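K.L.:
one predicted model, sequence on top.
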Number of protein chains: 2
Amino acid sequence: MYKKVLIAEDFDSINIAVEQTLKDLGVQEIQYAKYCDDAILKFKKALQDHQPFDLLISDLSFVEDYREVKIASGEELIQAIKKIHPEINVIVYSVEDKPYIIKTLFDEAQINGYVKKGRNSISQLKTAIETLLYGKTFISPELAHALQDKTAKEIDNYDITLLSHLANGVAIEEMETLFKHLNITPNSKSTIEKRVAKLKDYFKANNNIHLIAITKDLGII
Amino acid sequence: MYKKVLIAEDFDSINIAVEQTLKDLGVQEIQYAKYCDDAILKFKKALQDHQPFDLLISDLSFVEDYREVKIASGEELIQAIKKIHPEINVIVYSVEDKPYIIKTLFDEAQINGYVKKGRNSISQLKTAIETLLYGKTFISPELAHALQDKTAKEIDNYDITLLSHLANGVAIEEMETLFKHLNITPNSKSTIEKRVAKLKDYFKANNNIHLIAITKDLGII
DNA sequence: AAGTATTTTACGGGAAACCGTAATGGAAGA
DNA sequence: TCTTCCATTACGGTTTCCCGTAAAATACTT
């Protein structure tokens, strides 16, 4: 069993439950942080003391409050921790169910497990931990299909920037000027129109409004 | 202290924490349900046995899964329970922070307390329960402003229907035909355009795309 | 280096959105 | 019944979106 586990989770209620779960599993040392900034501090401290954590269980989204933070999301936190200690095992424990997001986490952040918060997630969390001990990866069964998701590959950063500006009220007319100003290429009105047309086609949207509604629902923007 | 409390919450991890909290407060009988349908069954059963619950702690959104359900949301559950037992006290315990939604809950569903899931929500939940015992209402301090929200009054069902259809890809051109087909009035293209213009003005949106992005973010659609 | 493919840009016509003004119709009050 | 008011509808002009075609620029092959 893992000896030393760090929980990064903002909600107190979930912290209570996860901590209890780890205790039940026989984890000796459990620490938790409600802010990503605190989590990375604890992690660095443990590394300095030559008693590093061997598992991180992290949420993805952390509610903003009065406190100013450097690391605002679980994904950033994982990237930051992997950078200073690549051997760390990571389980994401989140409500997020968008294939695009989850696929990216496995591909880019190289997480080891993904447990979706839900009706049966505590037992899944236990299974995930045991699975990781065998060197394998885990994903909640209801999300297994997420890893087959192709959206992540087909949609690039340019598309996401474009969609975001559309959602922020920038008209196609203004987009060319804006992109030139931001040094984003390609930036001709024609290409931008073509890209939007491609996206509408891809997401089977009737018009630009529909396109934004769909991509917002998918969590792409 | 409340004698008999029902928890309606789909996530197992949160159920664990809330149940523990109620135990700590000295609640004698605690039941929980992961589906709204189960919750109302338990409630009716208790009523029949002349041992009704005197407090309901309910989530708002319940994740859909394989199981078909009659009551899909916490709001519907609360309405249904209030209908058969108006004396019930209700605390909503949810991540939802959209003023529009919360204001509507107090105004329409007449809930007694609203606790936002967050970093300190368990202690807030305890305070909420104690506040209710004095016959007062409770709302998480960070959301106190929600009750002053005017959106709820200014935006009516017609607006929401219109926005939803817009988000679903219906063009303004087609909206007139659709509304006539659905017996929704007013339905002239002109009035529909005027309504959309009013909404864009209200939400300070540059265009219809922007409008949908904003109202989606606000949880209005 | 020449040829081919692909991406980007330019342009234009038709459709839809946008926005103001005026006409219509129905409800409330005198 | 008449008048006033307000919501709805009708209409038209301008702008923007939408979508196709073609030219230009860039990348890729041989």
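P.N.:
Perfect, thanks for sending it. Numbering: from 1, shown residues only, chains lettered A, B, ... in the order given.

K.L.:
alpha carbons only for contacts and neighbour counts from here, please
P.N.:
Fine.

K.L.:
tell me which helix or strand of chain A sits lowest on mean pLDDT?
P.N.:
Lowest on mean pLDDT, DSSP states H and E among the helices and strands of chain A sits helix A:151-154, with a mean of 73.

K.L.:
and the contacts of the helix or strand just after that one?
P.N.:
For helix A:151-154, the following helix or strand on the C-terminal side (DSSP states H and E) is helix A:157-167. Residues from elsewhere that reach helix A:157-167 (CA atoms under 8 Å, 6 or more residues apart in numbering or on different chains): A:172, A:195, A:199, A:212, A:220-221, B:209-210, B:212-213.

K.L.:
using PDB, write out every CA atom in helix A:157-167.
P.N.:
What follows is helix A:157-167, C-alpha atoms only, in PDB (Å, rounded to 0.1, in the frame of the first residue of the first chain):
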ATOM      1  CA  ASN A 157      -5.300  25.400 -29.900                       C
ATOM      2  CA  TYR A 158      -6.100  27.600 -32.900                       C
ATOM      3  CA  ASP A 159      -9.700  26.300 -32.900                       C
ATOM      4  CA  ILE A 160     -10.100  26.800 -29.200                       C
ATOM      5  CA  THR A 161      -8.800  30.400 -29.400                       C
ATOM      6  CA  LEU A 162     -11.200  31.100 -32.200                       C
ATOM      7  CA  LEU A 163     -14.100  29.600 -30.400                       C
ATOM      8  CA  SER A 164     -13.300  31.400 -27.200                       C
ATOM      9  CA  HIS A 165     -13.200  34.800 -28.900                       C
ATOM     10  CA  LEU A 166     -16.500  34.000 -30.600                       C
ATOM     11  CA  ALA A 167     -18.000  33.200 -27.300                       C
END
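
K.L.:
does DNA strand D sit close to the helix or strand following it?
P.N.:
Using DSSP H and E, the helix or strand that follows helix A:157-167 towards the C-terminus is helix A:172-181. Yes - using CA under 7 Å from any atom of the strand, helix A:172-181 comes into contact with DNA strand D via A:172-174.

K.L.:
which other helices and strands contact helix A:172-181?
P.N.:
helix A:189-202 (3 or more CA pairs under 8 Å, 6 or more residues apart in numbering or on different chains; DSSP states H and E).

K.L.:
so for the helix it packs on, mean pLDDT?
P.N.:
Here helix A:189-202 scores 88 as its mean pLDDT.

K.L.:
that older thread, redo the residues of helix A:172-181 next to DNA strand D as TSV? Include distance to A:L162.
P.N.:
Shown next, in TSV, are the residues of helix A:172-181 next to DNA strand D (distance: CA to CA, whole Å):
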residue	distance to A:L162
A:I172	10
A:E173	13
A:E174	12
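
K.L.:
quick one on the thing from earlier: need the contact partners of the least confident helix or strand of chain A.
P.N.:
The contact list for helix A:151-154, computed with CA under 8 Å, 6+ apart, reads A:100-101, A:103-104.

K.L.:
same question for stretch A:198-216.
P.N.:
By CA under 8 Å, 6+ apart, stretch A:198-216 touches A:159, A:163, A:166-167, A:196, A:221, B:166-171, B:208-209, B:212-213, B:216.

K.L.:
and stretch A:115-123, by the same measure?
P.N.:
With CA under 8 Å, 6+ apart as the test, stretch A:115-123 has contacts from A:18, A:21, A:91-97, A:124-125, A:128, A:138-140, A:143, B:10-13, B:34, B:63.

K.L.:
distance from it to the middle of the chain?
P.N.:
17 Å (CA atoms, centre = their mean, to the nearest Å).

K.L.:
then stretch A:202-221?
P.N.:
The answer for stretch A:202-221 is 20 Å, by CA atoms, centre = their mean.

K.L.:
show me the contacts of stretch A:115-123 that map onto strands.
P.N.:
Among those, the members falling in strands (DSSP state E) are A:91-94, A:138-139.

K.L.:
surely A:Y66 is within a helix?
P.N.:
No - using DSSP: H, G, I helix; E, B strand; the rest coil, the secondary structure at A:Y66 is coil, not a helix.

K.L.:
what about it, neighbour count?
P.N.:
Neighbour count of A:Y66, defined by other CA atoms under 10 Å in any protein chain shown: 5.

K.L.:
now the residue positioned nearest the centre of chain A: closest residue in space that isn't a chain neighbour?
P.N.:
Centroid check for chain A by CA atoms, centre = their mean gives A:E75 as the closest residue, at 4.5 Å. Once flanking residues are discounted, A:E75 sits nearest to A:L60: 6.1 Å by CA to CA, 6 or more residues apart in numbering or on different chains.

K.L.:
how close does the one you found sit to B:I122?
P.N.:
Counting by CA to CA, to the nearest Å, the gap from A:L60 to B:I122 is 21 Å.

K.L.:
with A:F11 instead?
P.N.:
For A:F11 relative to B:I122 (CA to CA), the value is 9 Å.

K.L.:
check A:L211 too.
P.N.:
A:L211 is 39 Å from B:I122, where distance means CA to CA.

K.L.:
more neighbours: which of these two?
P.N.:
Neighbours per residue, other CA under 10 Å: of A:L211 and B:I122, the larger number sits with A:L211, 27 against 22.

K.L.:
so which bits of chain A are right by chain B?
P.N.:
Counting by CA under 8 Å from any CA of the partner chain, chain A comes close to chain B at A:10-14, A:16-18, A:34, A:63, A:117-122, A:166-171, A:205-213, A:216.

K.L.:
among these, name the buried ones.
P.N.:
Listed as buried from the residues of chain A next to chain B are A:10-14, A:16-18, A:34, A:117-122, A:166-171, A:205, A:207-213, A:216; burial here means 16 or more other CA atoms under 10 Å in any protein chain shown.
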